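Novice: Below are the sequence and a predicted model; questions follow.
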Amino acid sequence: MAERNDPKLSLVPTGEDAVTDGNGPRVPTKVKSSNIAVIEQTLWKKIVDAETPQDIAPAWLALQCKMIPDTLHGVIILGEPDTGPFSAIAYWPNGVEERGGTPALITTAEKALETRSGIVHGKTQEDHEFQKHCDLAYPFIIDGKIHGVVAIEIAAQPKAGLRMVMRQLQWGAAWMENIIRRNESAFERDTRHQSTLALDLVAAVLDQNTFDSACTLVASELATRLQCSRVGIGFSSNGHTQVKTLSHTAQFGKRMNLISSIASVMDEAIDQASVVLYPIENNKKTIVTHAHAEFSRELGVGAVLTVPFAIGDEIVGALTFERPQDETFNQSEVELCDCIVTALGPMLVELRRREQPLIKTISAATKAELGRYIGAGHHGRKIGVAALIALMVFFTFAKTDYRVAADARLEGLVQRAIVAPFNGYVFDQFARAGDIVQAGQVLASLDGKELKLERLGWDATRKQHLAEQDRALAEHNRAETNILKSQIEQAAAQMQLLDEQLARAGLHAPFDGLVVSGDLSQSIGTSVQRGDLLFEIAPLNAYRVILDVDETDISEISVGQTGSLLVSSIPDAPLDLVIQKITPISDAREGRNVFQVEAKLSASTERLRPGMEGVGKIDIESRHLIWVWTHKIIDWLRLWIWGVMP
């Protein structure tokens, strides 16, 4: 079937039979008397006596289907206004195998919900492609909100007949819309009544100064306003309920049987954590009502309602409502009692807690907290406590090797300085920093021309003094001979000094090693002064380790302790070391004070070079793991507390 949206088949007639498109029906001014003849009096009575849409729907649908000739199927769909979900609540005829008609009928109803207007789906008798039936649907719209739809399947009709059927549906929809509106008003009145009663009782409780007066007031007010013969209030303690107050009763200590029975009734509801009503409702047969039934039989009570209340996840008490014989509680009254108890219960518990002695409050809080760890539920809390206990046990016995970490650097065990032997000029260079040199290898040379000229001068002077000495000897002048002898020795000494300086003009490596510093490649021809540092050489097989130990850890260090070194360039090969010396002078490094600790490597490797840096760790002793992790922050807190204390 295809949806018919032909302007010729308009659902909006003119004249006195005019109707709207879904924004509220306009009741026709004329109803044919022939239609009234088919109305059954029983259906009219059901419609008039109905209080809810669910009550009126079956009778109303049957009435409509009987008034509309050739009706095959019918269905009424209702739901939450605008939002849904929508579901079928009445079918016609009852008992047929295909309830609610064909899928096309449901599709037509859904289309009416979507378009919010009347829908005709199918072919008419005037169409060439004649079909046996048509589907019509009309929505229920109240105050602009769509509440549902009625849909019927009828035998194929002329267009004029379809218009009459649609007008009939619009006229009948007024009955459904009226009962829906009336039902919503009744619901609002009930809700307003419940809210007013609950707020009145809350305000009355807040005006009370003591717990006893509040309980008495609540019990008496509830008994009066809810037409109950008696209302009791009880609080759970040690797994049993203690009745605190009965309505219109100041003292009830002597009525022990009554109190015990009411306590049993409250225990039954608290144990099930559910509202218990006796006589039991048909849809709540799973609720245990043994104590309620016994209480009703012994005391001749007509209906017993017990509503527990809770603080958080813990049920702490209950209220019991009693009514005399031949009276019971309907569903709305049960919901009202549940609402009131939910609001008042925590307030009464809070008043009770405030009046308790401090020691009892502490005891109750402790007991409640322990109950969360020992009793049922609270699995997350229990797992957390178990994990905490396991951690405490672990840290009580877990130990590890405590080691002090410090920045470290390598230095040569012996480091030789090569200095300028005399004032002169750099003549040539043969090695520089980073080169490995052999013993006796020339590193650089100084220009010795001036020394050679000076030696020639002293040599000429010595020869002159030798000639003069020979002349003095020939003249037997002993005094002059002695003077010339001294001058000859002086010249020889100067020549010998110059020879030594010339020999040292070539700077030689004193041993096999690495040139740590010195680069004269850019200084050829520059002058140097005697004693200027030109090169530093360190051996390749003898090193010492300098550790910069923080002042907070220096007290743990002593000579002879062992440890390990890991240099940045060789991170895969830790080296053993032994502490040899502790320098008793601190040095400021990067905002902290450090002490230099000297250590010797137990074994060396060819991959090491002087100047390498890394991290050294000194073995102290085995200590508790928690102390190793926390001692630094604890020491810091001690210093801070010491600093702020007067």
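Specialist: In hand now; what should we look at? Numbering: from 1, shown residues only.
Novice: Ala156 against Asp135, yeah?
Specialist: No. At 10.9 Å, Ala156 and Asp135 do not qualify as touching, with contact defined as CB atoms under 8 Å. Every C-beta, even on glycine, is put in place using the N, C-alpha and C of the backbone.
Novice: shared neighbours of those two, anything?
Specialist: Gly122 (CB atoms under 8 Å, 6 or more residues apart in numbering).
Novice: which residue lies farthest from the center of the chain?
Specialist: What lies farthest from the middle of the chain is Glu475; by CA atoms, centre = their mean that is 118.2 Å.
Novice: Can you tell me how far that one is from His465?
Specialist: For Glu475, the distance to His465 (CB to CB, to the nearest Å) stands at 16 Å.
Novice: Which one's more surrounded, Ala156 and Asp135?
Specialist: Legend: neighbour count by other CB atoms under 10 Å for Ala156 and Asp135, higher for Asp135 (27 against 18).
Novice: So what pairs up with that one in the strands?
Specialist: His121, Glu153 (DSSP bridges).
Novice: Report the contact partners of it.
Specialist: 1, 101-102, 104-105, 107-108, 119-122, 151-153.
Novice: The same query, at a cut-off of 7 Å, please.
Specialist: Neighbour list for Asp135: Ala104, Leu105, Thr108, His121, Gly122, Ala151, Glu153 [criterion: CB atoms under 7 Å, 6 or more residues apart in numbering].
Novice: Can you tell me which of the residues you listed has the most neighbours?
Specialist: Highest neighbour count within these, by other CB under 10 Å: Ala151, with 31 neighbours.
Novice: so it is in which element?
Specialist: In the assignment (DSSP states H and E), Ala151 maps to strand 145-155.
Novice: And the contacts of that strand?
Specialist: Contacts to strand 145-155, defined as CB under 7 Å, 6+ apart, come from residues 61, 65, 68, 70-79, 81-82, 86, 101-102, 105, 108-109, 112-113, 116, 132-140, 165, 169, 173, 180.
Novice: from the residues you listed, which would you call buried?
Specialist: Among the contacts of strand 145-155, those scoring as buried are 61, 65, 68, 71-79, 81, 86, 101, 105, 108-109, 112-113, 116, 133-140, 165, 169, 173, 180 (criterion: 16 or more other CB atoms under 10 Å).
Novice: from what I can see, Asp519 looks like it's in a strand, true?
Specialist: No. Counting by DSSP: H, G, I helix; E, B strand; the rest coil, Asp519 falls outside a strand, being coil.
Novice: Which pLDDT does the model give Leu601?
Specialist: Leu601 is assigned a predicted lDDT (pLDDT) of 89.
Novice: can you pull up the bridge partners for the nearest residue to Ala57 once chain neighbours are set aside?
Specialist: Spatial nearest neighbour of Ala57, excluding adjacent residues (CB to CB, 6 or more residues apart in numbering): Ala90 at 3.8 Å. Following DSSP bridges, Ala90 is listed with bridge partners Ile76.
Novice: What's the separation between Ala90 and Ile76?
Specialist: Taken as CB to CB, the span from Ala90 to Ile76 is 4 Å.
Novice: and for these two, which residues touch both?
Specialist: By CB under 7 Å, 6+ apart, Ala90 and Ile76 have these common neighbours: Ala57, Leu61.
Novice: which ones among the buried ones among the contacts of strand 145-155 are found in helices?
Specialist: Leu61, Cys65, Leu105, Thr108, Ala109, Ala112, Leu113, Val165, Leu169, Ala173, Ile180 (DSSP state H).
Novice: Touching, the third one and Thr71? I think so.
Specialist: No. Between Leu105 and Thr71 there is no contact under CB atoms under 7 Å: 11.5 Å.
Novice: circling back to that earlier point, what residues sit buried inside the strand holding Ala151?
Specialist: Ile146, His147, Gly148, Val149, Val150, Ala151, Ile152, Glu153, Ile154.
Novice: I'd like those residues written out as TSV, with pLDDT added.
Specialist: Output for the buried residues of strand 145-155, formatted as TSV (pLDDT from 0 to 100):
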residue	pLDDT
Ile146	88
His147	86
Gly148	90
Val149	91
Val150	90
Ala151	90
Ile152	90
Glu153	89
Ile154	89
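Novice: nearest to Arg592, of these?
Specialist: Distance to Arg592 across these (CB to CB) is lowest for Ile146, with 77.1 Å.
Novice: and Phe394, what element?
Specialist: Counting by DSSP H and E, Phe394 is found in helix 379-397.
Novice: Kindly export that helix (C-alpha atoms) in CSV.
Specialist: The C-alpha coordinates for helix 379-397 follow below in CSV (Å, rounded to 0.1, in the frame of the first residue of the first chain):
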residue,chain,number,x,y,z
HIS,A,379,34.5,-4.8,48.7
GLY,A,380,36.6,-1.9,47.4
ARG,A,381,37.2,-0.7,50.9
LYS,A,382,38.2,-4.2,52.1
ILE,A,383,40.5,-4.6,49.1
GLY,A,384,42.1,-1.3,49.9
VAL,A,385,42.7,-2.2,53.5
ALA,A,386,44.1,-5.6,52.6
ALA,A,387,46.5,-4.0,50.2
LEU,A,388,47.5,-1.5,52.8
ILE,A,389,48.2,-4.2,55.4
ALA,A,390,50.1,-6.2,52.8
LEU,A,391,52.3,-3.1,52.0
MET,A,392,52.9,-2.5,55.7
VAL,A,393,54.0,-6.1,56.2
PHE,A,394,56.2,-6.0,53.1
PHE,A,395,57.9,-2.8,54.1
THR,A,396,58.4,-4.1,57.6
PHE,A,397,60.6,-7.0,56.4
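Novice: tell me what that helix is packed against?
Specialist: Under the contact criterion of 3 or more CB pairs under 7 Å, 6 or more residues apart in numbering; DSSP states H and E, helix 379-397 touches helix 358-374.
Novice: What lies in contact with the helix it packs on?
Specialist: Helix 358-374 is contacted from outside by Arg353, His378, Arg381, Lys382, Val385, using CB under 7 Å, 6+ apart.
Novice: before we move on, what about stretch 565-572?
Specialist: Contacts of stretch 565-572 (CB under 7 Å, 6+ apart): Ala408, Leu410, Val545, Pro574, Leu575, Leu577, Arg607, Met612, Glu613, Gly614, Val615, Gly616.
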